[in-house]
Each structure stands twice: as C-alpha cells, then as structure tokens.
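A.B. asks: predicted model and sequence below, questions to follow.
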Amino acid sequence: MMVTDKEFINTSGDVLKRKLISQYVNLMSGILLVYSLVFYFVIKDSFFATCTFAYSVLMFYTFMIIRKSYNIKVLVHLYMTYAPLFAGFVMLDFWKYSAATAMWLLPVPLGAHIFLEKKYVYIYSVYIFLIIVAVTVLNRLFEFDYFSLNNVKVIVISDTFVSLANLAVFLVLLYYNEQIRKSEIEENIFNKMSFFEENYPEQADINFADDNKVTGSVEPTEKDKEEHDVTDKYVTLFQEIKTIVEEEAYFKHVDFTISQLSNILKSNNLYIYKSIKLHGFSNFNHYLNTCRVENVKKLLYENDIRKVTLMYIYTESGFSNQSTFNRVFKQIEGVTPSMFITMMKAERNKNDVNL
C-alpha cells in the first residue's frame, strides 16, 4: 500500500492529540471513579462522592458521544474552563485541611502548552492562580464545614491519592507532548520538501540535511538542531532501505510493497515514505521503479540482446508486463525501451569502430 499525502495528514499531530484526549478522558474517568470511592468510604462524605461520580460519568459519556467528530481546540478550551472550577469547588472544603487538592490544577498549563498557542499557557496559568486565590479568600471569609477531617491518616490517604493521580496525568501528558513535538517537526520537514517539489522541481533531489545551514556566524536554533536530528534519522533509514531494496534485490519482487518493507525494517510506512521523498523520489513506487529500470539497463548492457529476450530482462527486473514496463521506462528515462536499445547499439558500434 503506497502512502499518499492525504495519509500523511491523517497520521499528523492532530491524530496524536486526539489519541491523547481519548487516553486522558479514560484515565481521568477512572481516577475520578476511584476518588468518589475515597470520598464515600474513607472521608465518609456521600455528597462529594456523588458529585465526583456524576462528573466522571458525565465526562466519559459526553466524550463517547462526540468522539468521532469534534474540534480539538474548542473541546480543550471548554474542559480547561470548567474542570478547574470543579476542582476549586472541591478545594473549598479541603483547603483548611490540606492544600494538596490544588495539584488537580497543575496539569492545566501543560495541557495548554500541548494543545494551544503559547499565549494560552499564560492565560490558563493566571486562571488557575486566580482560582487558588479565590479559594484562599473564601476560606478566610466563610466557614465551609460540610465535613470534618480529624483523622490525620485520612488526610494522608487523600493527599497520596491526589499526588499519584496527578503524577499519572503528568506522565501521560509528557509522553504525548514529546510524540506530538516530533510529529510537528517531521511535518515541518515534509512541508518544506513539498514546497520545493512544487516550486523548484529541478531541485527535487535537494538534500534537506543542509536546509538549516545559515550564513555568517548565526548559531542554529534548538528547533534547527532537532530538525537536523530528524533528517539524520531519515538518512540512516534510507541506507537501510537501499540495503533491502537494492542490495538484496527486493525490487525484483513484482508485488513488493511499502508495507512489506516496513515489516522487514520494523519501521512504519510514513517514515519510509518520508525518507524516500527526502532523497528525491516522489513516492515508494517511483523509487522501486527507478531501481527496476536501472537493473534493466544493466542487463541490457551485460547481455547480447540477440540472445536474450526483452521479456526476460524486464521480468527479471520486477516488471509484471510489457505495457507497464514500457510506460515506466519512458517516464524515468525519457525514451522508450526500443529507442534506448537502438541508442545503446549505436554506441556499441561506435566503440567497436574506434577499437
């Protein structure tokens, strides 16, 4: 199966963000369900247990309804608006016993960093700061005595659970943040390649490893270095591709696909596709057919065309039929196979005369 530009888009950072949202909803639903049990059996508060349980079910059920089609940014903005408010509601009664419940608010800036523009990191940081200030002020002005915690062990259990739960959330966010960042760097490189292919087709084989070089004494940025690392990864991958396709002659297999190659290399279609594009080929089939045509030319030069058939040569090189062979050969060489053979014979006769 050949990877197309559309398939690249479908495997971009947006897909990773949607996966993160799905993982986060599942994780938080589970955490809140457990927390509702902590409220009910440990803290002995049925009201907050019911609120937490209802919040968990509502969040999970709502996501199940909209999961097939939703705007990522709109959903993130909505969640980051009401989730801290619910946390602030819980904090009102816990604040006089422990400030650990404020940890529920800490993943918010990291979430804003992953999903939204940089300005929203500051906006939501100020937002949670104001919620903490509001909880502190309200606790000084009013008494929130809905329940009382006189047992220190209960407070320790609650704080430990809050800490572990938020640690799990942080780890999930950090993992996907790294994956999304890599995807965006790769997409940036892909877009650069597409731009050059569309605007400078004569430079389609440009080596993008040099793309980030700057003149003068200007130091490359951290992003430039990361893009260099990603490009180096594709260069290394292409050497492995050449070993399989060219040196081990997998191009001779008529039905050889990019999926089979990805299984051999333990990589994935997208990385192979981008590595091949980085080296001047429009797609996997273009690269494979180029290898096949080069092998046809090699066999034509090595053999006497009067003693071997053209069919033997093109089938030995991986072409399934003559019409496909003729079409591909002309696309890559600019001449038909028969014209190439005529030119080759003329060249041989000229060399024989000179000898």
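C.D. replies: Happy to help now that I have it.

A.B. asks: I figured P107 hits L171, correct?
C.D. replies: No - assessed by Cβ atoms under 8 Å, P107 is found out of contact with L171, at 10.4 Å. For glycine as for every other residue, the C-beta is placed from the backbone atoms N, C-alpha and C.

A.B. asks: looking at these two, which has the bigger crowd around it?
C.D. replies: Per other Cβ atoms under 10 Å, whichever of P107 and L171 has more neighbours is P107, with 21 against 11.

A.B. asks: tell me the secondary structure at the most centrally placed residue in the chain.
C.D. replies: Taking Cα atoms, centre = their mean, the centroid of the chain lies closest to S183, which sits 3.8 Å from it. Here S183 is recorded as helix under DSSP: H, G, I helix; E, B strand; the rest coil.

A.B. asks: gap between it and N283?
C.D. replies: The gap separating S183 from N283 is 20 Å, by Cβ to Cβ, to the nearest Å.

A.B. asks: likewise for I241?
C.D. replies: 13 Å.

A.B. asks: quick one: common contacting residues for these two?
C.D. replies: I276 (Cβ atoms under 8 Å, 6 or more residues apart in numbering).

A.B. asks: and those two? which has more neighbours close in?
C.D. replies: Each of I241 and N283 has its neighbours counted (other Cβ under 10 Å); I241 has more, 25 against 16.

A.B. asks: and the more buried one, what pLDDT?
C.D. replies: At I241, the model reports a pLDDT of 95.

A.B. asks: contact partners for Y314?
C.D. replies: When contacts are counted by Cβ under 8 Å, 6+ apart, Y314 is found next to 296, 322, 325, 337.

A.B. asks: with S267 instead?
C.D. replies: So S267 contacts L237 (Cβ under 8 Å, 6+ apart).

A.B. asks: in which helix or strand would I find the nearest residue to P107 once chain neighbours are set aside?
C.D. replies: Using Cβ to Cβ, 6 or more residues apart in numbering and skipping residues adjacent in sequence, the residue nearest P107 is V169, 5.0 Å away. V169 belongs to helix 152-199 when elements are defined using DSSP states H and E.

A.B. asks: over to K330?
C.D. replies: Counting by DSSP H and E, K330 is part of helix 322-333.

A.B. asks: by contact count, what packs against that helix?
C.D. replies: Judged by 3 or more Cβ pairs under 8 Å, 6 or more residues apart in numbering; DSSP states H and E, helix 322-333 is in contact with helix 284-302, helix 310-316, helix 337-354.
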